[in-house]
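J.: Sequence plus predicted model, see below.
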Amino acid sequence: MQQWEKAMGQIPKLLIHIGYHKTGSTWLQQVLFKDEKAGFLTPWGSQSSQAVIQFLVPNAYRFSPESAKKTFEVGFQEAQKRGLVPVLSHEALSDNFVSGTYQGKEVADRIHAVFPDSRILIIIREQQSMILSSYRQYIKQGGIETIQQYIGADINKPAFKPTCRLDYLEYDLPITYYQNLFGAANILVLPLELLSRDKKSFVQKIINFAGIDINAGDIPDIFSRPKNIGYKGGAVAVRRRLNFFLDKPTYARRQGKSSLADHTTAKLSVVVERLLPQGIHQRVEDDWEQFIAEYVGDRFKDSNQRTSHLIGMDLADFGYPC
């Protein structure tokens, strides 16, 4: 056995945070997991590119658990030296409703092949709220679809798959899969709504799950504002139209290398958000929320009941249809 693997047995298990997108991931990465006073260490970066490189990028026919494991060796040694829980975090490890990429099951298999003894953290969000938040982010990243097109409303083509696939919002399916792979005791699922309602309890549950003996109330630095908040409704509507004048996403844009047009559009969106009356923002958002509510209906009710049972929390208490 390699020395770093022995080291894993001398420190708390690796904590892998897989998302979802738009569930407070930026706050977790930039605040909680970066705070050594909370007992965590992110040796592979707060939003780990290695997570993407090792678990998403490799050709399925060439994926090597042994090769992937080796890349994390130095990080484990650093965590052992400091006596902290190593955290591997990237929301792209879950299915992505913003970009329309759905590799969650394959990623779960790869993670298990590399780190079968790890602990997995999953944050979920009430489905209608998730759809709207993901749509905001989709437009912010250059999307041009209407909300109807984004979720595939009124389109009946068997081969057509919209950007936001509603069947992947049935959380009980991936949760069951992860529990079967790693064991239910090694999976923690929390609703984002708990973070808004009781941040201390939300944080304490994660700390306890990671095997850290710390009181969340003793780390005041973590109680900061949310990160990566989306545009308001009117600004989203304007930004969607501006996106028609942008080039389609290129490799450079996917790497965060924005063009002058991208920067200009983003700045215009911010100006629009500030100048438009709140009433306009609210009307746009009300229309979206009404459409989503009518289109979605109670399709997630049964799934949410199953999810509640799996995670030991009644999601109805947090506004989920059950």
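T.: Perfect, I can see it now. Residues are numbered from 1 along each chain as shown.
J.: what comes up buried for stretch 113-120?
T.: 113-115, 118-120 (16 or more other CB atoms under 10 Å). Using the backbone N, CA and C atoms, a C-beta is placed for each residue, glycine as well.
J.: what about the strands in the stretch 1-150 of the chain?
T.: Secondary structure of the stretch 1-150 of the chain (DSSP state E, counting those that start in this stretch): strands at 15-17, 40-41, 85-89, 119-124.
J.: Residues contacting the longest one, please?
T.: Translated: strand 119-124. The contact list for strand 119-124 (CB atoms under 8 Å, 6 or more residues apart in numbering) reads 13-20, 23-25, 28, 94, 111, 171, 174-175, 178, 182, 186-192, 195, 206, 209-210, 307.
J.: what lines up beside it in the sheet?
T.: strand 15-17 (parallel), strand 187-191 (parallel) (DSSP bridges).
J.: Next: the third one.
T.: Sheet partners assigned to strand 85-89 using DSSP bridges are listed as strand 15-17 (parallel), strand 40-41 (parallel).
J.: still on that earlier bit, among the contacts of strand 119-124, which are in helices?
T.: Of these, the ones assigned to helices by DSSP state H are 25, 111, 174-175, 178, 182, 192, 195, 206, 209, 307.
J.: Give me the next element, helix or strand, following the worst-scoring helix or strand of the chain on mean pLDDT.
T.: Every helix and strand of the chain was ranked by mean pLDDT, DSSP states H and E. The lowest is helix 251-254, at a mean of 41. Beyond helix 251-254 on the C-terminal side, the first helix or strand identified by DSSP states H and E is helix 260-275.
J.: What average pLDDT does that following helix get?
T.: Across helix 260-275, the average pLDDT comes to 72.
J.: other SSEs contacting it?
T.: Counting contacts by 3 or more CB pairs under 8 Å, 6 or more residues apart in numbering; DSSP states H and E, helix 260-275 is packed against helix 233-242.
J.: What angle do helix 260-275 and the helix it packs on make with each other?
T.: Using axes from the mean of the first three to the mean of the last three CA atoms, to 10 degrees, the inter-axis angle of helix 233-242 relative to helix 260-275 is 150 degrees.
J.: Next, work out how far apart Ile120 and Asp314 are.
T.: Going from Ile120 to Asp314 by CB to CB, to the nearest Å gives 22 Å.
J.: List the residues that contact Leu56.
T.: Residues in contact with Leu56 (CB under 8 Å, 6+ apart) are 92-93, 103, 107.
J.: Gln148 now?
T.: Residues in contact with Gln148 (CB under 8 Å, 6+ apart) are 154, 291.
J.: which stretches of the stretch 101-250 of the chain have low pLDDT?
T.: Counting by pLDDT under 70, the stretch 101-250 of the chain contains low-confidence residues at 221-229, 247-250.
J.: Pick the most buried one from the strands paired with strand 119-124.
T.: strand 15-17 (a mean of 25; mean count of other CB atoms under 10 Å).
J.: and it, how far from the chain's centre?
T.: Distance of strand 15-17 from the chain centroid (CA atoms, centre = their mean, to the nearest Å) equals 12 Å.
J.: Quick check: mean pLDDT of it?
T.: 98.
J.: Touching stretch 89-105 from outside, list them.
T.: For stretch 89-105, the external contacting residues (CB under 8 Å, 6+ apart) are 16-23, 25, 28-29, 33, 42, 46-49, 51-52, 55-56, 107, 111, 122, 130-131, 134, 137-138, 141, 161-165, 168-169, 174, 177.
J.: Filter those residues down to the buried ones and hand me the PyMOL line.
T.: Buried subset of the contacts of stretch 89-105, written as a PyMOL selection, criterion 16+ other CB under 10 Å:
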select buried, resi 16+17+18+19+20+21+22+23+25+28+29+33+42+46+47+48+51+55+56+107+111+122+130+131+134+137+138+162+163+164+168+169+174+177
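J.: Among the contacts of Leu56, which lie within helices?
T.: Filtering those for helices - DSSP H - leaves Val107.
J.: ok, so of the contacts of Leu56, who is nearest Pro220?
T.: Nearest to Pro220 among the contacts of Leu56, counting by CB to CB, is Leu93 at 29.6 Å.
J.: What's the local residue count around that closest one?
T.: As a burial measure, Leu93 scores 26 neighbours (other CB atoms under 10 Å).
J.: out of everything not next to it in sequence, what's closest to it?
T.: Ile18 (3.8 Å; CB to CB, 6 or more residues apart in numbering).
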